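>>> build me a model:
(chains A and B)
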2 protein chains.
Amino acid sequence: MKAIDGNALRTQRTRRRVLEEAQRLFNEEGEANVTPGAIAGSLGISPGNLYYHFRNKDAIVEELFRDFEARMAVEPGAASGAAGAIEDLWLYLHLMLEAIWDFRFLYRNMDDLLARNRRLREHFNRIADRKLEAVARLCEGLVRARAMRASPEEIRTLARNVLVVATYWLHFKALRGGRGRDSADLGQGAYQVMALIAPYLVGEARRHLDGLSRAYLE
Amino acid sequence: MKAIDGNALRTQRTRRRVLEEAQRLFNEEGEANVTPGAIAGSLGISPGNLYYHFRNKDAIVEELFRDFEARMAVEPGAASGAAGAIEDLWLYLHLMLEAIWDFRFLYRNMDDLLARNRRLREHFNRIADRKLEAVARLCEGLVRARAMRASPEEIRTLARNVLVVATYWLHFKALRGGRGRDSADLGQGAYQVMALIAPYLVGEARRHLDGLSRAYLE
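The predicted model follows:
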């Protein structure tokens, strides 16, 4: 029987608390405006204790980016039937937008962040590549199921537009309307993305999405 | 006969040079990383001379934002015929994307810029409101001309997606591919936005856009 290592547990717990507090402060004040000292102060631990866990702020940002990447790694399932696929996609978009909201500091000053850290840029592009592929695959599945009518080129173009709108919607809404979280913005983001796909759907898939859209608007 | 005022001309010329150099430096290095002293140094004038024209950096940013707003103020003309309207719209999108590129520093760290300056935020939202209206009006015109089939709600949703893709396309491309200007990115941005509108077009307008798109892709 292995003894529980109290020190290792405490270490892990402090790491987790630092990450959570950093994420909260970065989101509220912007990553560039938060120092490691401020994170330590806000947690009531010494800067030395924080530096024991993370050698600098970039190490914290990189670990948070890994968390973000894990949240983004899910993909819409292969539902049976076009109606199920449409509902799964809508739910999936909600999850993605929620992850983007929870890590919104990454999207604010993203240029500076990615210019400073080459590894983050590669990770960001890997996420984008995967999302483009996932959307294209999903559309190809709908075409095979005769729920969508779109050429391969239309699907590629559509996937890029889906990615741009999903990526920037919350940023755009924040600029338009102030800062407070608004769960309605997530819902509207999912609706806006579904509207990109809608005109390519046919038959029952189209009718099902139109019904979901009407329900959303009411 | 009015004498030419050499001093006034020189003053105006220096103001213009400061604005152009600031715009260039802001675009290259990010607005946050450029001081008024650096702008003066780059022009070979004294900081005192620069401060004679602009009391601080925000005054420079505000004047550049006014230039940007003027560039964005054009709207697609009321072409006769659906084919003409489609070509005008494509050209118009090029002009808008070019303006966004020329003032790309406004889009980098935009959160910080707008959080710092309430007036800029109002201007930004005024531009966005006008663009939403212009796109909606254009679509309504196409519907009346039987060149488009879309409900009022579809048009509102489409206008929002047009605005998001046009606003963020170049930012997205820069994150994806590095920093150098690429005129192909402008062309692709216009193509991506036209692709949002394409599925709602019918008849000759649709055929005309499909032809333009094929020509673009070749």
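>>> ok, then the element right after the helix or strand where residue A:161 lies?
In the assignment (DSSP states H and E), residue A:161 maps to helix A:152-177. The helix or strand immediately downstream of helix A:152-177 is helix A:183-197, counting by DSSP H and E.
>>> hmm, that next one touching chain B?
Yes. Helix A:183-197 comes into contact with chain B (CB under 8 Å from any CB of the partner chain), by way of A:191, A:192, A:195, A:196. For the C-beta atoms, the positions are set from N, CA and C on the backbone; glycine is no exception.
>>> just want the angle from that helix to helix A:152-177.
160 degrees (axes from the mean of the first three to the mean of the last three CA atoms, to 10 degrees).
>>> now do helix A:183-197: which elements does it pack against?
helix A:82-102, helix A:152-177, helix A:203-217, helix B:152-177 (3 or more CB pairs under 8 Å, 6 or more residues apart in numbering or on different chains; DSSP states H and E).
>>> so residue A:56 is in contact with residue A:36, correct?
Yes. Residue A:56 lies in contact with residue A:36 (CB atoms under 8 Å); the separation is 7.0 Å.
>>> would JSON lines of the helices and strands packed on helix A:183-197 with mean pLDDT and distance to residue B:116 be doable?
Putting those into JSON lines (pLDDT from 0 to 100; distance: least, CB to CB, whole Å) gives the following:
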{"stretch": "helix A:82-102", "mean pLDDT": "89", "distance to residue B:116": "23"}
{"stretch": "helix A:152-177", "mean pLDDT": "93", "distance to residue B:116": "13"}
{"stretch": "helix A:203-217", "mean pLDDT": "91", "distance to residue B:116": "35"}
{"stretch": "helix B:152-177", "mean pLDDT": "93", "distance to residue B:116": "19"}
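>>> dump those helices into JSON lines; add mean neighbour count and distance to residue B:112 as well.
Listed next are the helices and strands packed on helix A:183-197 as JSON lines, based on neighbours: other CB atoms under 10 Å in any protein chain shown; distance: least, CB to CB, whole Å:
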{"stretch": "helix A:82-102", "mean neighbour count": "19", "distance to residue B:112": "19"}
{"stretch": "helix A:152-177", "mean neighbour count": "20", "distance to residue B:112": "12"}
{"stretch": "helix A:203-217", "mean neighbour count": "15", "distance to residue B:112": "33"}
{"stretch": "helix B:152-177", "mean neighbour count": "20", "distance to residue B:112": "15"}
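>>> residue B:62: which of the ones you listed is closest?
Residue B:62 lies closest, by CB to CB, to one member of these: helix A:152-177, at 17.2 Å.
>>> list the helices and strands the closest one packs on?
Partner elements for helix A:152-177 (3+ CB pairs under 8 Å, 6+ apart): helix A:82-102, helix A:118-144, helix A:183-197, helix B:110-116, helix B:118-144, helix B:152-177, helix B:183-197.
>>> flag every buried residue along the fourth one.
Judged by neighbour count (16 or more other CB atoms under 10 Å in any protein chain shown), helix B:110-116 contains these buried residues: B:110, B:111, B:112, B:113, B:114, B:115.
>>> what lies in contact with the helix or strand bottoming out on mean pLDDT in chain A?
Using mean pLDDT, DSSP states H and E, the weakest-scoring helix or strand in chain A turns out to be helix A:110-116, at a mean of 81. Contacts to helix A:110-116, defined as CB atoms under 8 Å, 6 or more residues apart in numbering or on different chains, come from residues A:31-32, A:58, A:61, A:106, A:120-121, A:124, B:30, B:32, B:108-109, B:171, B:174-175.
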